[in-house]
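In: model the following, please.
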Amino acid sequence: WSGNRQQIGGGRDYSNDLQIDGSPIGIGYKTSYMPSPDSVQEVAVQQNAVDAEFGHSSGSAITLTMKSGTNDWHGNTFYQGQFPWANALENRVFRTINLGRIHMWGGTLGNPIKKNKLFNFFSYEQWRKTDPNDFINTVPSALEREGNFSQSLNATGGLRTIYDPFTTETSADGRTITRTPFPGNIIPRSQQDPIAMQYMAGLWNANRPGQGPYNINNYYVPLPIRYDYHNISNRVDYNFSDKLRFYGRYSKLWTPVTTSNPTGSEFFVNDRGSQRDATSISGDAVWTVTPTTIVNINATYHSFIDASRYASTCEGCWAKFWPNSNFYNTVFGNKVVPELLPRMSIMGTGTGEYWASMGPRGGTWDQRPNADSISVKVAKQQGKHYLKMGADTRGSRTTSLIVSNNPGFGFQADATSATYINPDLRASGDGYATFLLGAIQPAGGGADSWDSGATSMTATILPQGQNRFYGAFINDDWKVSRNLTINLGLRYEFE
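Out: This is a model prediction of the structure:
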């Protein structure tokens, strides 16, 4: 996303045409390959582009020119490191060492292969970066894990009464709701859901005092996220003659994003891993027909992968928990959505307040677009007129999967409160009690809201979009006088 977020000349972000050596790198809102800074020779920004040569955008045109080899050997190397022991103390509340670590290194090398004819330029860059992050949950006490809420307090300091939702009775006029509280405020073992008991047994234990009567945020561990970024590019230039030159370039970057399981529980599934890759292949020919006429032909192919990556899948997990049902086949039957541990989201006293999530929080995404382009341009200097004409075509194919909420179930306190009509959750009800009873309900907002904690079983298709763009232009820069140049142009586009 970030590669196309510049706002230039009052234009909107995501509206610029981005090119490397004349080859486009944008696919939709996103960009594919971005070069290492040390491999860039020049950056040209065409603000509010009015030249008919530039199209396929509603804003500016940004062109990066890569370095090329010469008759001389030249290059550079670099390293940058960030180490916790060398940093000042940043967290003065808990007085903990910052987990942020950065190791960046790389270099470039330009050299001749055949003097005056064939040249090569190579660049490489790598980052090993650790971003400090944390994992905070509200987990139940040892008694509450067993269904014993006899020592659990509510927001006013009284007993947090747990009601049996399966005893709910509604008056004929719908105004009076009655439920029976559990004797002793203890949920009998016989009424506890066997799947919920398995999850409760694997739920991580509190490791610090919580806040208030609900012991909010009583579990905390650091959760560093690790990025292993690689960027490699190689460009070959060939001077066939004084009038004909070629270049070819292959560039690739890949970034696996990983993290760990700080809880040690099999019911913790980290949602912060991903894969970010990009590839760019381009070729270019420049033919100087006469001293005043130049023909340029450019072709490129580029693609990227932007996908979530969970540390492990759980093939057959849903069948293990529900051996006598196949309701989940609508989600996993076509293998588009990876089968992960069933998500169980425990909500707090508010509809959007997370206490804990067992299984994968967040969503799943997998985007794999690719694109190609071919352009032909002719430029000619004719007296006071600099004439340009050309045509280009761009095609893209997009495979895009986005699931806002991983399949699973949400549990809120209102199911075990005194009533389901405007319940006072400060006095009764508990999300973990609802979970132990297996009282599934829509929870935590809409299923289309990212990581909402909702009960969600989204049936998903994998959209595959294709498009082809054509453009042609003619342009004249007419130098009327030393102080006046008139730009005349016509451009036609079809998509």
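
In: please state the offset of the lowest-mean-pLDDT helix or strand in the chain from the chain centre?
Out: None of the helices or strands of the chain scores lower by mean pLDDT, DSSP states H and E than strand 26-27, at a mean of 76. With C-alpha atoms, centre = their mean, to the nearest Å as the basis, strand 26-27 stands 16 Å off its chain's centre.

In: which helices and strands sit right next to it?
Out: Packing contacts for strand 26-27, counted by 3 or more C-beta pairs under 8 Å, 6 or more residues apart in numbering; DSSP states H and E, involve strand 293-308. Backbone N, C-alpha and C define where each C-beta goes, glycine included.

In: assign residue 326 to helix, strand or coil.
Out: coil (DSSP: H, G, I helix; E, B strand; the rest coil).

In: per-residue pLDDT, residue 351?
Out: With respect to pLDDT, residue 351 scores 50.

In: hmm, I typed the wrong one, I wanted residue 63.
Out: So, for residue 63, pLDDT stands at 84.

In: thinking it is in contact with residue 46, fair?
Out: Yes: counting by C-beta atoms under 8 Å, residue 63 touches residue 46, with 7.4 Å between them.

In: just give the closest residue to residue 118, not the sequence neighbours.
Out: Excluding the flanking residues, the one nearest residue 118 by C-beta to C-beta, 6 or more residues apart in numbering is residue 238, at 5.3 Å.

In: and what of residue 457?
Out: Nearest to residue 457 is residue 407, by C-beta to C-beta, 6+ apart, at 5.3 Å.

In: which residues touch the one you found?
Out: 328, 331-332, 337, 340, 342-343, 456-458 (C-beta atoms under 8 Å, 6 or more residues apart in numbering).

In: redo those residues as JSON lines? Include neighbour count and pLDDT.
Out: Formatted as JSON lines, these follow (neighbours: other C-beta atoms under 10 Å; pLDDT from 0 to 100):
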{"residue": "328", "neighbour count": "17", "pLDDT": "87"}
{"residue": "331", "neighbour count": "19", "pLDDT": "84"}
{"residue": "332", "neighbour count": "20", "pLDDT": "84"}
{"residue": "337", "neighbour count": "20", "pLDDT": "82"}
{"residue": "340", "neighbour count": "22", "pLDDT": "90"}
{"residue": "342", "neighbour count": "23", "pLDDT": "92"}
{"residue": "343", "neighbour count": "23", "pLDDT": "91"}
{"residue": "456", "neighbour count": "25", "pLDDT": "81"}
{"residue": "457", "neighbour count": "13", "pLDDT": "80"}
{"residue": "458", "neighbour count": "17", "pLDDT": "75"}
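
In: now, those that are in helices?
Out: The members of the contacts of residue 407 that map onto helices under DSSP state H are 331-332.

In: picking that back up, the first helix or strand past the least confident helix or strand of the chain going along the chain pairs with which strands, and in what direction?
Out: Using DSSP states H and E, the helix or strand that follows strand 26-27 in sequence is strand 30-31. Paired neighbours of strand 30-31 in the sheet (DSSP bridges): strand 26-27 (antiparallel).

In: quickly note the distance from the spatially most central residue of the chain to residue 410.
Out: Centroid-nearest residue in the chain: residue 306, 6.6 Å away (criterion: C-alpha atoms, centre = their mean). Distance, residue 306 to residue 410, using C-beta to C-beta, to the nearest Å: 27 Å.

In: ok, residue 308 next?
Out: The separation that residue 308 has from residue 410, given C-beta to C-beta, amounts to 20 Å.

In: give me the more crowded residue out of these two.
Out: Between residue 308 and residue 410, residue 410 has the larger neighbour count (other C-beta atoms under 10 Å), namely 28 against 22.

In: list the buried ones in the longest helix along the chain?
Out: Longest helix in the chain, counting residues (DSSP H): helix 194-202. Within helix 194-202, the residues that qualify as buried are 195-197, 199-200, counting by 16 or more other C-beta atoms under 10 Å.

In: what residues does the next helix-or-strand element following it touch?
Out: Remark: after helix 194-202, the chain's next helix or strand is strand 219-222, criterion DSSP H and E. Contacts with strand 219-222, where a contact means C-beta under 8 Å, 6+ apart, come from 96, 99, 132-139, 204-208, 262-263, 356.

In: ok, of the residues you listed, which come out buried?
Out: 132, 135, 137-139, 204, 206, 262-263, 356.

In: tell me the one of these nearest residue 230?
Out: residue 132 (22.4 Å; C-beta to C-beta).

In: hey, where'd the helices end up in the stretch 301-450 of the chain?
Out: Using DSSP state H, counting those that start in this stretch, the helices of the stretch 301-450 of the chain run over residues 317-321, 329-332, 431-437.

In: CA atoms of the first one as CSV?
Out: When you say that, I think you mean helix 317-321. What follows is helix 317-321, C-alpha atoms only, in CSV (Å, rounded to 0.1, in the frame of the first residue of the first chain):
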residue,chain,number,x,y,z
CYS,A,317,-9.6,-30.1,13.4
TRP,A,318,-13.2,-29.2,12.8
ALA,A,319,-14.1,-32.9,12.2
LYS,A,320,-12.4,-33.8,15.4
PHE,A,321,-14.5,-31.4,17.5
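
In: how far off centre is it?
Out: Put simply, helix 317-321 sits 29 Å off its chain's centre (C-alpha atoms, centre = their mean).

In: touching that helix from outside, list them.
Out: In contact with helix 317-321 (C-beta under 8 Å, 6+ apart) are residues 195, 198, 326, 328, 332, 339-342.

In: of all those residues, which comes closest to residue 363?
Out: Using C-beta to C-beta, the contacts of helix 317-321 come closest to residue 363 at residue 340, 11.0 Å.

In: if we can go back for a sec, with only the CA atoms kept, save the longest helix of the chain in CSV.
Out: Provided in CSV are the C-alpha atoms of helix 194-202 (Å, rounded to 0.1, in the frame of the first residue of the first chain):
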residue,chain,number,x,y,z
PRO,A,194,-17.2,-30.7,26.3
ILE,A,195,-15.6,-28.6,23.6
ALA,A,196,-15.5,-25.5,25.9
MET,A,197,-13.9,-27.6,28.6
GLN,A,198,-11.1,-28.7,26.2
TYR,A,199,-10.4,-25.1,25.3
MET,A,200,-10.5,-24.0,29.0
ALA,A,201,-8.0,-26.6,29.9
GLY,A,202,-5.6,-25.3,27.3
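
In: which strands or helices does it pack on?
Out: Partner elements for helix 194-202 (3+ C-beta pairs under 8 Å, 6+ apart): helix 431-437.

In: pull out the buried residues from the helix it packs on.
Out: Under 16+ other C-beta under 10 Å, the buried positions of helix 431-437 are 431-437.

In: between which two of these is the distance greatest?
Out: 431 and 437 (11.0 Å).

In: dump the helices of the stretch 301-450 of the chain into TSV; add distance to residue 219 as well.
Out: Listed next are the helices of the stretch 301-450 of the chain as TSV, based on distance: least, C-beta to C-beta, whole Å:
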stretch	distance to residue 219
helix 317-321	24
helix 329-332	29
helix 431-437	13
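
In: re the thing from before, tell me which of the contacts of strand 219-222 fall in strands.
Out: Counting by DSSP state E, the contacts of strand 219-222 place 134-137, 356 in strands.

In: look up how far residue 369 lies from residue 393.
Out: In terms of C-beta to C-beta, residue 393 sits 17 Å off from residue 369.

In: same deal with residue 111?
Out: Taken as C-beta to C-beta, the span from residue 111 to residue 369 is 35 Å.
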